[in-house]
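K.L.:
what would the 3D arrangement of this be:
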Amino acid sequence: PEMVQRTVALLDRLNEGAESIRLILGPENRATIDQMIADHGGVASNLRQLSADLNQTRQQLDNILGDIGESVDKARPDIEQAIVDLRVTLSAVAQRIDAITYNLESASRHVDEFSREIRKAPNRLLFSPEADPVKD
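P.N.:
Residues are numbered from 1 along each chain as shown. Sure, this is the predicted structure:
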């Protein structure tokens, strides 16, 4: 009896499942399912096309990167020479700036000394002092 009850319950559940499947695969849903299957084929086709396009784009990028690498390799000696030339030029400019700074400091000291002398004796602008003796 218990086994029979279990079997009957199992058959009832199987019948309910079969009815659910029949409703799902009914005429109303069949068109929708057919459309989904047809769309799935379109999606798969679109994915294949997208994959092919991505492969082509990747190859183009690889070619571009290769070209850039070659250009950099070809230009490397010129760039290195330009850097060497720039270092030489900067060194020369730095030396000139040092000389200009030294001369400016010297001129500033002379102007300070001249100003101090004029403050002490303003008449020196009009009358020059006696010349220092010069050795022959």
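
K.L.:
so what touches stretch 14-30?
P.N.:
Residues outside stretch 14-30 that contact it (CB atoms under 8 Å, 6 or more residues apart in numbering): residue 33. From N, CA and C alone the C-beta is placed, and that goes for glycine too.

K.L.:
offset the numbering so it begins at 224, please.
P.N.:
From this message on, residue numbering opens at 224, which makes the last subject stretch 237-253.

K.L.:
tell me which residues in that stretch are buried?
P.N.:
Within stretch 237-253, no residue counts as buried by 16 or more other CB atoms under 10 Å.

K.L.:
any idea how far that stretch is from the chain center?
P.N.:
Chain-centre distance of stretch 237-253: 58 Å, with CA atoms, centre = their mean, to the nearest Å.

K.L.:
can I get the lowest-mean-pLDDT helix or strand in the chain in PDB? Just the C-alpha atoms.
P.N.:
In the chain, no helix or strand scores lower on mean pLDDT, DSSP states H and E than helix 225-247, which sits at a mean of 88. Only the C-alpha atoms of helix 225-247 are listed here, as PDB (Å, rounded to 0.1, in the frame of the first residue of the first chain):
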ATOM      1  CA  GLU A 225       2.700   2.600   0.800                       C
ATOM      2  CA  MET A 226       4.600   1.800  -2.300                       C
ATOM      3  CA  VAL A 227       1.400   2.100  -4.300                       C
ATOM      4  CA  GLN A 228       0.700   5.500  -2.700                       C
ATOM      5  CA  ARG A 229       4.200   6.700  -3.600                       C
ATOM      6  CA  THR A 230       3.800   5.400  -7.100                       C
ATOM      7  CA  VAL A 231       0.500   7.200  -7.500                       C
ATOM      8  CA  ALA A 232       2.000  10.400  -6.000                       C
ATOM      9  CA  LEU A 233       4.900  10.100  -8.400                       C
ATOM     10  CA  LEU A 234       2.500   9.600 -11.400                       C
ATOM     11  CA  ASP A 235       0.500  12.600 -10.300                       C
ATOM     12  CA  ARG A 236       3.600  14.800 -10.200                       C
ATOM     13  CA  LEU A 237       4.700  13.400 -13.600                       C
ATOM     14  CA  ASN A 238       1.300  14.200 -15.000                       C
ATOM     15  CA  GLU A 239       1.500  17.700 -13.600                       C
ATOM     16  CA  GLY A 240       5.000  18.200 -15.100                       C
ATOM     17  CA  ALA A 241       3.700  16.900 -18.500                       C
ATOM     18  CA  GLU A 242       0.800  19.300 -18.300                       C
ATOM     19  CA  SER A 243       3.200  22.100 -17.500                       C
ATOM     20  CA  ILE A 244       5.400  21.200 -20.500                       C
ATOM     21  CA  ARG A 245       2.300  20.900 -22.700                       C
ATOM     22  CA  LEU A 246       1.200  24.400 -21.700                       C
ATOM     23  CA  ILE A 247       4.700  25.800 -22.200                       C
END
